[in-house]
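**Q** when you get a sec, could you give me coordinates for this:
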Amino acid sequence: MVTAFTLVFFILLVNTLGGAKNVDNDIITIARLMGASERDILWKVTFPSALPWIFTGLNLGLTYSLLGVIVAEILASNHGLGYLIAASAASFNTAGVFAGLITLAVVAWLFSLIMRKVEARLLRWKPSLTSA
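**A** Prediction:
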């Protein structure tokens, strides 16, 4: 768990900061001219502008966290999906290895699907690239 957190934290931090730094300065200036407070600028301009970057970090973090957890289970666990894959490989149980890998792929696909649905819901104001 700590391995997954460590892997994801810095990816998410760098992407969030990158998104916050790439907010259009003209929009911030216009918001200030219209009387927006710093809190309003943060929540109504900066955060929505950085959301695509945040979701990119979350998608990358999802992949790395799953890999981190599985590797940690392979190396130092006596239960879990990583342990199942390692134990099956050690006993030359090909069906067990593939069952673990397919389960891992299905879990990763479901997480990715959920992430895309949440992203589409939160970013419904942003035109999609596929709609053109």
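**Q** helices along the chain, start to end?
**A** Taking DSSP state H as the test, the helices found in the chain are 2-21, 25-33, 38-41, 47-76, 81-90, 94-122.
**Q** let's have those helices in JSON lines, adding mean pLDDT and mean neighbour count.
**A** In this view, the C-beta of every residue, glycine as well, is placed from N, C-alpha and C. Output for the helices of the chain, formatted as JSON lines (pLDDT from 0 to 100; neighbours: other CB atoms under 10 Å):
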{"stretch": "helix 2-21", "mean pLDDT": "88", "mean neighbour count": "15"}
{"stretch": "helix 25-33", "mean pLDDT": "94", "mean neighbour count": "12"}
{"stretch": "helix 38-41", "mean pLDDT": "94", "mean neighbour count": "12"}
{"stretch": "helix 47-76", "mean pLDDT": "90", "mean neighbour count": "18"}
{"stretch": "helix 81-90", "mean pLDDT": "93", "mean neighbour count": "18"}
{"stretch": "helix 94-122", "mean pLDDT": "93", "mean neighbour count": "13"}
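**Q** next up, phi/psi of residue 92, please.
**A** phi 60, psi 40 (degrees, to the nearest 10).
**Q** ok, now residue 35?
**A** Per degrees, to the nearest 10, the backbone of residue 35 is at phi 90, psi 20.
**Q** so who does the closest residue to residue 107 other than its chain neighbours touch?
**A** Closest residue in space to residue 107, ignoring its immediate chain neighbours: residue 66 at 7.3 Å, by CB to CB, 6 or more residues apart in numbering. The neighbours of residue 66, taking CB atoms under 8 Å, 6 or more residues apart in numbering as the test, are 4, 104, 107, 108, 111.
**Q** ok, those residues vs residue 35, which is closest?
**A** Using CB to CB, residue 111 comes nearest to residue 35 of those, at 41.7 Å.
**Q** just the CA coordinates of stretch 15-33, formatted as CSV?
**A** Extracted C-alpha coordinates of stretch 15-33, given in CSV (Å, rounded to 0.1, in the frame of the first residue of the first chain):
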residue,chain,number,x,y,z
ASN,A,15,0.7,16.8,-13.1
THR,A,16,-1.4,18.9,-10.8
LEU,A,17,1.3,21.6,-10.6
GLY,A,18,1.8,21.5,-14.3
GLY,A,19,-1.9,22.0,-14.9
ALA,A,20,-2.1,24.9,-12.4
LYS,A,21,0.9,26.6,-14.1
ASN,A,22,-0.7,26.3,-17.6
VAL,A,23,-3.8,28.2,-16.8
ASP,A,24,-4.4,30.9,-19.3
ASN,A,25,-3.3,34.2,-17.7
ASP,A,26,-5.9,36.2,-19.7
ILE,A,27,-8.7,34.2,-18.0
ILE,A,28,-7.2,34.9,-14.5
THR,A,29,-6.8,38.6,-15.4
ILE,A,30,-10.4,38.8,-16.6
ALA,A,31,-11.6,37.1,-13.4
ARG,A,32,-9.7,39.6,-11.3
LEU,A,33,-11.1,42.5,-13.3
